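*Asks:* return a 3D structure for these sequence lines:
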Amino acid sequence: MKLKRIAACLLGAIMLISLPGCSGSPSGKNASDADAPVSGSASADDIEKTEKNEETVLEEPENFGMVTEKNPIVQTAYGPVMGKTEDGVANFRAIPYGGNVDGEQRFLRAENPQPWTEPLDCTYLRARAVQSVGRSGHGNLFQEYVGDYFAGGRIGELTLNDQYDDENCLNLNVVTPGLDSKKRPVVVYVHGGGYTQGSNAITAGAYNLSREEDVVIVGVNHRLSFGYLYLGAFDEKYADSGMVSMLDVVKALEWVRDNIENFGGDPGNVTIMGESGGGGKMQALLLMEEARGLFHKAVIMSAVGSDGWRTPEEASDDAKAVLDILGVGTDELYRLADFTTEELWTAMQESGAEFSPVIDGKNLKGNLYESDENARKLLAETAAGVPVMVTTARDEMKWLSGNGNRDLFDITWETLPDMLKESYGGNTQKIIETYKSVYPDYSASDIYFRISTDTVFGNKAARLADLLSESTGAPVYRYIYCHECQIEGGIFGAYHTADLPLFFRMVMYEEDEMVSRQLAASIAEFMRTGDPSTEKNPWPEYTSEKRQIVFVDDQYETAENPEKTILELWESLGVVI
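*Replies:* Below you'll find the predicted structure:
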């Protein structure tokens, strides 16, 4: 087993002592540095012995898989579906929950799917939304750099490469350990990729989570860019067009309410979950009156902020740019039905338009970055009583920006100021000195990634958690994921999305097994009870006064208000977080 450096996982001015096996040190070091024992710490031999001992105490996980039929058939409101079973867990792929949304149905609310009578073969993945990664072929995340990791090393076996792009993509996956009346907790996963990419494919491989935690998993495909083209300012018929993507997700939640009991799930205990862009979609669902009552808990992981949502005026300008390229007047929107998917997609890309939720005053009445007062009011009205977990990763930006620009790992103290001056001007040195005081063991490159991680993800997570704890009357919980991924010797650290496959129990590296089991157990317990505390890992509630955060690794650590110094820094500079 690869030896990992023992160090502190630092946040704010508090040092958390990582136990043997913890990957809490900042990554970005070379492999020899990462392997070297820290002065005054246990020897490498001691570490190796401890890790081996940890391995030996890992017992076989429980197996709740109860399905015996090779190809079980389940009745839905629209017709029967046939799945396939692996070790007691039934997997149904690409079940339709909405009708076609091309042609004359473009940019409109989805209708119900056409009913069918014979069992629909739901043993393979079908369409995902139209997106850039698939225009030159049927590519997806699982054919990209981290594909093996996200599939737990089982890409070919799970056939997760099989999805293709199509406008008619309103389908969902269901993974269940029992087709009985037990009423298990349900998690509905809405994928990330901003608002323009991604798919539900990862849920199709989440057998282990379902089997070990006795939960039902649903993964939703929905319209992406096409689902945010706002035409409502030009024709009332299209009043919903800037939010039909999110209304697709609402329709999927309605399908879960009406059908999941037939798959062994409890429609009265539904947790919504999204990571990255999916986390932004979770924020939208919390604010949508039409989604109220369709879910009971929420997990918001490494979310993009709602400050990227658009006003009707901004969204109308974006739509007008697309119409101009197509040669369509604002009084002849009926012509949009006649264009091919490729023609529409090309025009949308050439326009330079943004695609994200629209605060249309009907389906979405505000965001979480207008003012604290307005945000609290919105949340109190639409998310009252909903427990929420808000999560981030320690090194969010190391893969997001570092994978495409390896020079960022070679930043020095001499070059760091120039890297930041364009964004922070005269405040650059103050920012650098504050971060150096909080993270004394970090390199200049680590500081750069830490600053970008905080400004894109961490600060917003703190503000969101504060708003939720002050508004909904329900518990809020936070974690920061600190476990170093083994890709390229750990150069990307605990990067953006690294915790997602481990929650789904899709484990590629032996070193990740401990943290994967514990993370899955914690979030599954939250799904069951609204509290992620387990017997091994008690979990304090987050409040805006104490700001208690759990640092997730092989061993959990908890700190009170560890972000204080950093948050005060940005507030003192007038940076809205």
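*Asks:* number of nearby residues for Asn269?
*Replies:* Residues within reach of Asn269, counting by other Cβ atoms under 10 Å, total 21. For the C-beta atoms, the positions are set from N, CA and C on the backbone; glycine is no exception.
*Asks:* you'd agree it is up against Lys183?
*Replies:* Yes - counting by Cβ atoms under 8 Å, Asn269 touches Lys183, with 7.4 Å between them.
*Asks:* export the helix or strand hosting Trp399 as PDB, just CAs?
*Replies:* Taking DSSP states H and E as the definition, one finds Trp399 inside helix 396-400. In PDB, the C-alpha atoms belonging to helix 396-400 read as follows (Å, rounded to 0.1, in the frame of the first residue of the first chain):
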ATOM      1  CA  GLU A 396     -11.800  21.700  -5.200                       C
ATOM      2  CA  MET A 397      -9.800  23.600  -7.800                       C
ATOM      3  CA  LYS A 398      -6.700  21.400  -8.100                       C
ATOM      4  CA  TRP A 399      -8.300  19.300 -10.700                       C
ATOM      5  CA  LEU A 400     -10.800  21.900 -12.200                       C
END
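*Asks:* and that helix, what's its mean pLDDT?
*Replies:* Summarised as a single mean, pLDDT over helix 396-400 is 95.
*Asks:* Met66 touches Gly88, doesn't it?
*Replies:* Yes - counting by Cβ under 8 Å, Gly88 is a contact partner of Met66 at 5.8 Å.
*Asks:* what touches both of those two?
*Replies:* Here Met66 and Gly88 have Pro177 as joint contacts, going by Cβ atoms under 8 Å, 6 or more residues apart in numbering.
*Asks:* work out the gap between the host helix or strand of Thr558 and the centre of the chain.
*Replies:* Element membership for Thr558 (DSSP H and E) is strand 557-560. The chain centre lies 23 Å from the centre of strand 557-560; the measure is Cα atoms, centre = their mean, to the nearest Å.
*Asks:* from the contact counts, what lies against the next helix or strand after it?
*Replies:* Following strand 557-560 in sequence order, the next helix or strand is helix 564-572 (DSSP H and E). The contact analysis (3 or more Cβ pairs under 8 Å, 6 or more residues apart in numbering; DSSP states H and E) places helix 564-572 against helix 428-438, helix 459-471.
*Asks:* now the following helix or strand past the shortest one: mean pLDDT?
*Replies:* If I follow you right, that is helix 428-438. Going down the chain from helix 428-438, the next helix or strand is helix 444-453, by DSSP H and E. Helix 444-453 shows a mean pLDDT of 98.
*Asks:* make TSV out of the helices and strands packed on helix 564-572 and add distance to Thr311.
*Replies:* TSV is the format used below for those (distance: least, Cβ to Cβ, whole Å):
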stretch	distance to Thr311
helix 428-438	31
helix 459-471	19
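*Asks:* which of those sits most buried?
*Replies:* Of all those, helix 459-471 carries the top mean neighbour count, a mean of 23, counting by mean count of other Cβ atoms under 10 Å.
*Asks:* same question for that one, mean pLDDT?
*Replies:* 96.
*Asks:* list the contacts of that helix.
*Replies:* Here helix 459-471 makes contact (Cβ under 8 Å, 6+ apart) with 283, 300, 302-303, 305, 368, 372, 375-377, 379-380, 383-384, 388, 390-392, 474, 476, 478, 542-544, 547, 563, 566-567, 570, 575, 577.
*Asks:* kindly export it (C-alpha atoms) in PDB.
*Replies:* The C-alpha coordinates for helix 459-471 follow below in PDB (Å, rounded to 0.1, in the frame of the first residue of the first chain):
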ATOM      1  CA  ASN A 459     -17.100  30.900   1.100                       C
ATOM      2  CA  LYS A 460     -20.400  30.300  -0.700                       C
ATOM      3  CA  ALA A 461     -20.900  27.100   1.200                       C
ATOM      4  CA  ALA A 462     -20.500  28.900   4.400                       C
ATOM      5  CA  ARG A 463     -23.000  31.600   3.400                       C
ATOM      6  CA  LEU A 464     -25.500  29.000   2.200                       C
ATOM      7  CA  ALA A 465     -25.200  27.000   5.500                       C
ATOM      8  CA  ASP A 466     -25.700  30.200   7.500                       C
ATOM      9  CA  LEU A 467     -28.800  31.200   5.600                       C
ATOM     10  CA  LEU A 468     -30.300  27.700   5.900                       C
ATOM     11  CA  SER A 469     -29.600  27.500   9.600                       C
ATOM     12  CA  GLU A 470     -31.300  30.900  10.100                       C
ATOM     13  CA  SER A 471     -34.300  30.300   7.900                       C
END
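*Asks:* if we can go back for a sec, and of the helices and strands packed on helix 564-572, who's closest to Val74?
*Replies:* Val74 lies closest to helix 459-471 among the helices and strands packed on helix 564-572, at 35.6 Å (Cβ to Cβ).
*Asks:* what angle separates the closest one from helix 444-453?
*Replies:* 40 degrees (axes from the mean of the first three to the mean of the last three Cα atoms, to 10 degrees).
*Asks:* what's the offset of the helix or strand following helix 459-471 from the middle of its chain?
*Replies:* For helix 459-471, the following helix or strand on the C-terminal side (DSSP H and E) is strand 476-481. Here strand 476-481 is found 14 Å from its chain centre; the criterion is Cα atoms, centre = their mean.
*Asks:* strand 476-481 - what's its average pLDDT?
*Replies:* For strand 476-481, mean pLDDT rounds to 98.
*Asks:* and that strand, what does it pack onto?
*Replies:* If contacts are counted by 3+ Cβ pairs under 8 Å, 6+ apart, strand 476-481 sits against strand 388-393, helix 459-471, strand 548-552.
*Asks:* so where do the helices sit in the stretch 301-450 of the chain?
*Replies:* 312-326, 341-350, 372-382, 396-400, 416-424, 428-438, 444-453 (DSSP state H, counting those that start in this stretch).
*Asks:* hey, which of the ones you listed is tucked in deepest?
*Replies:* helix 396-400 (a mean of 25).
*Asks:* residues in contact with it?
*Replies:* 27-28, 146, 302, 449, 452-453, 456-458, 491-493, 495-498.
*Asks:* mind doing that once more with 7 Å?
*Replies:* Helix 396-400 is contacted by residues Ser27, Gly28, Ser302, Phe449, Ser452, Thr453, Val456, Phe457, Phe492, Gly493, Tyr495, His496 when judged by Cβ atoms under 7 Å, 6 or more residues apart in numbering.
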